[in-house]
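[1] Sequence and predicted structure below; questions after.
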Amino acid sequence: MSDNSIRRVVTGINEQGRSTVLFDDSQSGATARVLWATDSLPADNASRADAAPAFGLERFRSPGTTFMLFELPAGQTSPMHATDTIDYIVVLKGRLELILETGSVELAPGDCVVARGVIHAWRALGDEPAMSVGVLAPAEPVGAGATI
């Protein structure tokens, strides 16, 4: 993707106890990017530190939440996998195919998916990359449980 950067705005509380913008920056680069993460539920909103760690598979086992951006190059398919999370996903750009064990569904920008820990894969359809954003939260395992 020629321009795969997105703007990230994070709010918080300043030294005077007033609401403020803590971070206003551009995120670009990797295929999977963590925009924000928490290590527990409920989340601790008191910190002013940047909570956007580098992506790693351990994010799928976090006891907190993970807000991520996913980019899949045109024609590429992810491996079949499952996580012990519930994921709220919105397609931002391009077209995606959500592949399940019993079939698949095509998705376009604006389409939303609630992925509930089942085995699945993603394929970018057409000749352009696909981009989606998702929030992952821990969930009880279903079926065979996590594969990543």
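    Alright, I've got the coordinates.

[2] Which of the three states applies to Ile89?
    strand (DSSP: H, G, I helix; E, B strand; the rest coil).

[3] what sits against it?
    112-115, 132-134 (Cβ atoms under 8 Å, 6 or more residues apart in numbering). For glycine as for every other residue, the C-beta is placed from the backbone atoms N, C-alpha and C.

[4] how close does Pro75 sit to Glu106?
    Just so we're on the same page, residue 75 is Gly rather than Pro. 14 Å (Cβ to Cβ, to the nearest Å).

[5] Who are the contact partners of the residue of the chain most remote from its centre?
    When distances are taken from the C-alpha mean of the chain, Gln16 lies farthest, 32.6 Å away, according to Cα atoms, centre = their mean. Contacts for Gln16 (Cβ under 8 Å, 6+ apart) come out as none.

[6] check which helix or strand covers it.
    Gln16 is located outside every helix and strand, with elements delineated by DSSP states H and E.

[7] Find the pair from the contacts of Ile89 with maximum spatial separation.
    Val114 and Val133 (13.8 Å; Cβ to Cβ).

[8] Please say which of the two ends up with more neighbours.
    Between Val114 and Val133, counted using other Cβ atoms under 10 Å, the more crowded position is Val133 (16 against 8).

[9] My read is that the more buried one contacts Glu71, right?
    No - Val133 sits out of contact with Glu71 when judged by Cβ atoms under 8 Å, with a separation of 10.1 Å.

[10] quick one: which of the contacts of Ile89 is nearest Leu100?
    Of those, the one sitting nearest to Leu100 (Cβ to Cβ) turns out to be Ala115, at 9.7 Å.

[11] That closest one - nearest residue in space that isn't next to it in sequence?
    Asp87 (4.1 Å; Cβ to Cβ, 6 or more residues apart in numbering).
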